[in-house]
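# Any chance you could fold what I've pasted below:
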Amino acid sequence: MYSRNGKLIQEKYREYLLPSVMSSTALAVASLVDSMLVGSLLGAEALAGVGACTPITALGNAVFLLFIIGGATSASVALGERYTDKANKLYSIGVYFGFLVMTALVVILELFGEPICYYMCYKDTGLAANMLAYFRPLLLVFPVLFLTNGVSQFMRIDGRPKMASYIAVIANIVNLICDYCFIRFLNMGVTGASASTLTGYLFAIFLVLPWILKKDKSLKFVNFFGDLKQLLPEVFSAGSSRFSLHFADFLKRFFLNSIILFFGGNSALSILTVCNTLQFFVTSITNGGSDAFLPIIGSLYGEKDYYGIKACIKSALKFTVTGCLILTVILFAVPSFVGGLFGLNGPDTAGIVPAAFRMLALSYPLMGLSTILQTMYNTTGRHKIASAMSFLGQMAYICFFFTVFGLINTGLMWAAYPASYLANLATAFVYVKYIQKKENTRGVLLLKNPGDGVIYKNVTISATKEDAAGLSEKIMEKAKELGMDRNMANRLSVAVEELAVTAAENVKDGQDTPLIDILFSFEGDEKTVSFRENGPPFNPLAVEAENKKEKDSLAGEAENNEKNKEGNEELSSSIQVLKSLVKSVEFSRQLGFNTTIMRF
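Reported below is the predicted structural model:
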């Protein structure tokens, strides 16, 4: 009974998983259907024009992720370390500063749009015309997307993952409806495809505003200019991996388009465009699985809860790899059918599609594993290895293998997809072995081992009086094993039991019994206990103050409220005992957890 398990963290991961997958799937399905509509209604040439724009999309995503993922990750870790003011400033920098940089990028791209499209299409005027028609409305999407999907990342940290997912889903439903109407009925051509995306996210702004204006959210906009020089590098560092991933994707798409046009012409570029779309669809699994744990692991890392991190990663790997394997089997079985959905059934493309799609399908599980590791390393401060994996996997290896295989045989070049991910994972494995020897770390996750004199002990119980009652005795046994002073051990055990009893008494009839994780950290003279439970919002430290406020009002209604009065006084008494036993105690509501930190 009194040992740690990963149930509480794994339940939290599952709570975040569905909304995260819904958000990623909404984006992926919109991209998928967008390409299908362009290919089937406007033809392969128009689809190639959309594909020629993918480097620009990747560049916009790189800037977006540098500030949003950087701000969200660093703010999450700061909250885990209980630096609320710092977290607010990191959040503000991520949104405000990032929006300004994104707007500046859009202005530059708009000014030089025509020559950019012309030279990216290697002076093919027909292809350049299709690219430019898609390009102009697409630019306006970037700052709008920053305000919708960007802010929704911080909603997850605030414990509102469902709200964040609804925004992405609704925006893309509007996008798809407009997509068909603009192309089919308004005859807007390729322009209609990007204009519909803009319309969807403009609509989503009205969904984001209520949360931005809420006063009781855990993250707030604050003045950050005094600390900008100090905190901006933290945002850059935390966002560097995702930025590297998508900036490398920008370079990859730029060079890969050139390689494909050289070896296979416009028909091969059409196939590459669909491969990119199918790969993006897989991100509903890979990014959905990794984005779900980003705020959770950020908080756990701030608390040094390495057991919880491993439990969370285990759930993420199970979901991501299984989902990728299912998509691999489907695409491997019916590649020609999938190609036909995008209009790739002409004489120039039909013979290439099966081999190309099957090679792509083999890369899916490797892509899933790579994404989980990159996100994990980036969240836990291993920015160098995360950024290296991004650059090598998304740009260097894939361009290298496409070129080498293309020189050998143009039909073989699609094997570059699985080959690049295998090479990337092999490089990461070598680097991990190097770090393990250099630093005091353990396992492929590179989590730090406790230093000399540092002891971590963890317990998981149910929030019931029965489990709480035996907790004190169990803690005394562990303290004796560790050679702890008897007086300190007694204070520690009584304080934790009082808090566990208080949590149990807060459970109302008909509610699910919450789980409690208790983390003990003993480092020299500093003894810290983190008490985390997933019950309804309840600040035990506020009970005493609330009880004083209610005394007068309850006095006049003694008969009807005597039970409530006695319950409040009992809780207040427990908290008074708790405060007398500890050096300091503080409470926070984070990720939907009630977390109390006690220091002895």
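# Helices of the stretch 451-600 of the chain, start to end?
465-469, 471-481, 486-505, 543-555, 558-581 (DSSP state H, counting those that start in this stretch).
# Of those, which shows the lowest average pLDDT?
Among those, helix 543-555 has the lowest mean pLDDT, at a mean of 51.
# May I ask which helix or strand encompasses Gly192?
Assigned by DSSP states H and E, Gly192 belongs to helix 190-213.
# I'd like the next helix or strand past that helix.
Moving toward the C-terminus from helix 190-213, the next element (DSSP H and E) is helix 228-302.
# about what we covered before: from the contact counts, what lies against the helix holding Gly192?
helix 7-37, helix 44-52, helix 125-145, helix 151-157, helix 161-180 (3 or more C-beta pairs under 8 Å, 6 or more residues apart in numbering; DSSP states H and E). Quick note: C-beta positions are derived from backbone N, CA and C, even for glycine.
# Tell me the gap between it and the middle of its chain.
Chain-centre distance of helix 190-213: 21 Å, with C-alpha atoms, centre = their mean, to the nearest Å.
# Name the residues of that helix that are buried.
Neighbour-count burial for helix 190-213, counted by 16 or more other C-beta atoms under 10 Å, picks out 190-204, 207-208, 211.
# Next: stretch 161-181.
By neighbour count on 16+ other C-beta under 10 Å, the buried set for stretch 161-181 is 161, 163-172, 174-176, 178-179.
# these two touch, right, Thr54 and Asn276?
Yes: with contact defined as C-beta atoms under 8 Å, Thr54 and Asn276 form a contacting pair (5.7 Å).
# any common contacting residues for these two?
Residues within reach of Thr54 and of Asn276 at once, by C-beta atoms under 8 Å, 6 or more residues apart in numbering, are Arg253.
# first to last residue in stretch 435-448, what's the distance?
End-to-end distance of stretch 435-448 (C-alpha to C-alpha, to the nearest Å): 11 Å.
# Just the mean pLDDT for it, thanks.
84.
# Can you say which of the helices and strands packed on helix 190-213 is nearest to Asn449?
In terms of C-beta to C-beta, the element of the helices and strands packed on helix 190-213 nearest to Asn449 is helix 7-37, at 20.3 Å.
# Who are the packing partners of that closest one?
helix 44-52, helix 151-157, helix 161-180, helix 190-213, helix 228-302, helix 306-333, strand 515-523.
# The same query, at a cut-off of 6 Å, please.
Secondary-structure packing of helix 7-37 (3 or more C-beta pairs under 6 Å, 6 or more residues apart in numbering; DSSP states H and E): helix 161-180, helix 228-302, helix 306-333, strand 515-523.
# Ala129 is nearest to which of the ones you listed?
Among the helices and strands packed on helix 7-37, if distance is taken as C-beta to C-beta, the winner is helix 228-302, at 13.4 Å.
# helices and strands around the closest one, which ones?
Helix 228-302 is packed against helix 7-37, helix 44-52, helix 54-80, helix 306-333, helix 364-379, helix 383-391, helix 397-408, with contacts defined by 3+ C-beta pairs under 6 Å, 6+ apart.
# what inclination does the longest one have with respect to helix 161-180?
It refers to helix 7-37. Note on geometry: by axes from the mean of the first three to the mean of the last three C-alpha atoms, to 10 degrees, helix 7-37 and helix 161-180 are set 10 degrees apart in direction.
# The third one too?
Orientation check (the same axes, to 10 degrees): helix 54-80 against helix 161-180 gives 170 degrees.
# what's the burial count for the nearest residue to Val169 once chain neighbours are set aside?
Residue nearest to Val169 in three dimensions, not counting chain neighbours: Ala26, with 4.5 Å by C-beta to C-beta, 6 or more residues apart in numbering. Residue crowding around Ala26 was assessed by other C-beta atoms under 10 Å; the count is 24.
# can you list the domain ranges for this protein.
For the chain, the structural domains run 7-442, 454-599, going by automatic domain parsing.
# For Glu303, what are phi and psi?
Note on Glu303: backbone dihedrals following degrees, to the nearest 10 are phi -90, psi 0.
# which residue packs closest to it, ignoring adjacent ones?
In space, and not counting its chain neighbours, Glu303 is closest to Gly80: 5.0 Å by C-beta to C-beta, 6+ apart.
# ok, the one you found - contacts?
299, 302-303 (C-beta atoms under 6 Å, 6 or more residues apart in numbering).
# So, low pLDDT: which residues of the chain?
Along the chain, segments meeting pLDDT under 70 span 1-2, 450-456, 482, 543-575, 577-578.
# Spatially central residue in it, please.
Asp291 (2.0 Å; C-alpha atoms, centre = their mean).
# that older thread, residues making contact with the helix holding Gly192?
Outside helix 190-213, the residues within contact range by C-beta under 6 Å, 6+ apart are 34, 38, 46, 49, 130, 133-134, 137-138, 140-141, 144-145, 147-148, 151, 155, 167, 171-172, 174-175, 178-179, 182-183.
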